[in-house]
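Peer 1: no FASTA, just this:
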Ligand code: DHE
């Protein structure tokens, strides 16, 4: 099995290398084969997420040679080095890449983009590994811990998931999840964590084992960001879906063995201009509570797909017109409405998953980035939801209770100015808490990106800043998650020698620093993730 996996990886590299000679655009700076290989890897790691593998643009602008050749090496290098106010990080200045690499990337992107190879289900099966067969897995937990309050913490650069006991704050195990793991989701029963890496590798972690253990893995594509399980009654833990960036497709896997069952391309025409797009990537995915369906943001074409998994041999897909560049999103408090951010169109799109149609669309601030978003009760407007933004310091709040408060539903009711700058990535609420939390991860001001802001939901607009990074640290802080009881908030200090800081949600005081974590980013509480509580 290992040999087959290696064969597939090396085939992928050979195709990329071979493509280099075909990709030299007329008048573009020349790159050696070694430079091409290195630049291809850096582009995959740092650039493709925002600009697209084919460089057609999405969260970031298009980087086609027609434009980049005009800009020239010097200007491009300056942008890569210093970043932009629109949210592009200062890759050179921050030390993420070296000065020589900023020059290499400036030259690389003046050449033609190369389409990486496709991936068939046969190739996926070659990478499939069952580490603990389903029949050998325990029928009940082999430990006495409160596993529904476990947290899975992504140790991004270590390629591991730290499983932490939320009661004792003890790191129980670190599980190998693979290159640049992006997020975790819980299976419907909560028994399994599913990890998805940027490299399309899926990992299934069984929390019933004495120590949480990886029980199966499979690689479903070259690049991915999202995964979810089948949560509807009667289908609990039966299927998993992986949303890929490249090739642009989704894959249905067996929920217990990870055997690939179905692959469906997302290529097609944009919803508005009916222009063919070769790279419509799958961004956020949620699992409907009203029918056996997954809800998928198809980024570049602007559709929201409802994928019916009740009979995967006769897969039904409904395509709802949304807005282009759909990225992240999450549920309202009732789990009926999916609220999706079309970040480059400054727009939120609301899907009613009971009626299976779009019921709202409105503009917010520059580049909304809610993560899964937040839901709370506003003293004036009743149940509301909100988003923070990458592009400006703003919290947009809209009514999300069409039954009780129809006059405010799907309309922005508050635009709360945040401290100067931009670069918020995530926000978090919990039905039992009176607080709403947000980060400032990509802000340029150190004090801001090392702190989080917390708002008392009964005093809209009054925010308090809490410093999270320890003294002397250069880290940015990112992503909040509540514990099962909703009385603690966990926040990551994102650096090599990183930590997760646990805040008492009542006193707003730091309760514990969980150290020994390598570049912790997202963290996911089992109970809250399986029930979509936020
Ligand atoms: Fe993420 C969620 C894509 C960069 C941490 N990220 C998501 C989702 C998407 C996405 C589509 C929604 C998944 C879902 O709900 O099903 N992320 C991308 C990118 O394309 C982007 C902008 C660039 C890239 O190259 O990947 C990107 N993301 C980052 C980061 O740099 C972060 C901060 C750290 C990392 O992983 O490198 C990061 N993204 C996260 C986290 C979530 C996430 C923690 C889940 C939030 C949640 O609470 O559910």
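Peer 2: Looks like it arrived, so ask away. Remember, it's a predicted structure, so these values are computed and weren't measured experimentally. Residues are numbered from 1 along each chain as shown.
Peer 1: How confident was the prediction at residue 14?
Peer 2: At residue 14, the model reports a pLDDT of 42.
Peer 1: What residue in the stretch 1-150 of the chain comes nearest to the ligand?
Peer 2: The stretch 1-150 of the chain approaches the ligand most closely through residue 49 (2.0 Å), counting by CB to the nearest ligand atom. The way it works is simple: take the backbone N, C-alpha and C, and place the C-beta from them, glycine included.
Peer 1: Is there any residue in stretch 237-247 that contacts the ligand?
Peer 2: No: Stretch 237-247 does not reach the ligand (CB under 6 Å from any ligand atom); its nearest approach is 6.6 Å.
Peer 1: Flag every buried residue along the helix or strand where residue 103 lies.
Peer 2: If you go by DSSP states H and E, residue 103 is part of helix 99-108. The neighbour-count check on helix 99-108 (16 or more other CB atoms under 10 Å) flags 101-108 as buried.
Peer 1: what's the closest of the residues you listed to residue 265?
Peer 2: residue 108 (27.4 Å; CB to CB).
Peer 1: re the thing from before, checking the residue of the stretch 1-150 of the chain closest to the ligand next. Helix, strand or coil?
Peer 2: Three-state assignment for residue 49 (DSSP: H, G, I helix; E, B strand; the rest coil): helix.
Peer 1: neighbours of it, just the number please.
Peer 2: 18 (other CB atoms under 10 Å).
Peer 1: show me what contacts it?
Peer 2: Listed by CB atoms under 8 Å, 6 or more residues apart in numbering, the contact set of residue 49 reads 59, 198, 225, 245.
Peer 1: if you set the cut-off to 10 Å instead, what comes out?
Peer 2: Going by CB atoms under 10 Å, 6 or more residues apart in numbering, residue 49 touches 58-60, 182, 198, 223, 225, 245, 281.
Peer 1: do residue 66 as well
Peer 2: Neighbours of residue 66 in contact, by CB under 10 Å, 6+ apart: residue 25.
Peer 1: One more: residue 268?
Peer 2: Here residue 268 is in contact with 248, 274, 276-278, 280, 298, 300-301, 303, 319 (CB under 10 Å, 6+ apart).
Peer 1: in the sheet, who's paired with it?
Peer 2: residue 277 (DSSP bridges).
Peer 1: so what does the helix or strand hosting residue 304 touch, helix or strand wise?
Peer 2: Under the criterion of DSSP H and E, residue 304 resides in strand 303-308. If contacts are counted by 3 or more CB pairs under 10 Å, 6 or more residues apart in numbering; DSSP states H and E, strand 303-308 sits against strand 249-254, strand 260-265, strand 282-287, strand 293-298, strand 316-321, strand 326-331, strand 337-342, strand 347-352.
Peer 1: for the record, mean pLDDT for the third one?
Peer 2: When you say that, I think you mean strand 282-287. Per-residue scores along strand 282-287 average to 98.
Peer 1: I'd guessed residue 411 sits against residue 362; true?
Peer 2: Yes: at 6.4 Å, residue 411 counts as touching residue 362 under the criterion of CB atoms under 10 Å.
Peer 1: For the two, indicate the residue with more neighbours.
Peer 2: Neighbours were counted for residue 411 and for residue 362 using other CB under 10 Å; residue 362 has more, 14 against 11.
Peer 1: Now do the strands in the stretch 401-534 of the chain.
Peer 2: For the stretch 401-534 of the chain, the strands defined by DSSP state E, counting those that start in this stretch occupy 412-417, 427-428, 435-439, 451-456, 463-467, 476-482, 488-494, 498-504, 510-517, 520-525.
Peer 1: so where's the protein uncertain?
Peer 2: 1-24 (pLDDT under 70).
Peer 1: Swap in 50 and give it another go.
Peer 2: Scanning the chain for pLDDT under 50 picks out the ranges 1-15, 17-18, 21.
Peer 1: Assign the most centrally placed residue in the chain to helix, strand or coil.
Peer 2: By CA atoms, centre = their mean, the chain has its centre lying nearest to residue 225, at 5.5 Å. Assigned by three-state DSSP, the conformation of residue 225 is strand.
Peer 1: Looks like it contacts residue 196 (just checking).
Peer 2: Yes: counting by CB under 10 Å, residue 196 is a contact partner of residue 225 at 6.9 Å.
Peer 1: Give the residues shared as contacts by the two.
Peer 2: Common neighbours of residue 225 and residue 196 (CB under 10 Å, 6+ apart) are 182-183, 242-244, 285.
Peer 1: Looking at those, point me to the pair that's furthest apart.
Peer 2: Farthest apart among the shared contacts of residue 225 and residue 196 by CB to CB are 183 and 244. That separation is 13.8 Å.
Peer 1: anything in contact with each of the two?
Peer 2: What both residue 183 and residue 244 touch, as defined by CB under 10 Å, 6+ apart, is the set 196, 224-226.
Peer 1: so which of those residues is the most crowded?
Peer 2: residue 196 (29 neighbours).
Peer 1: Please determine how far that one is located from residue 332.
Peer 2: 24 Å (CB to CB, to the nearest Å).
Peer 1: And for residue 384?
Peer 2: Residue 384 is 9 Å from residue 332, by CB to CB.
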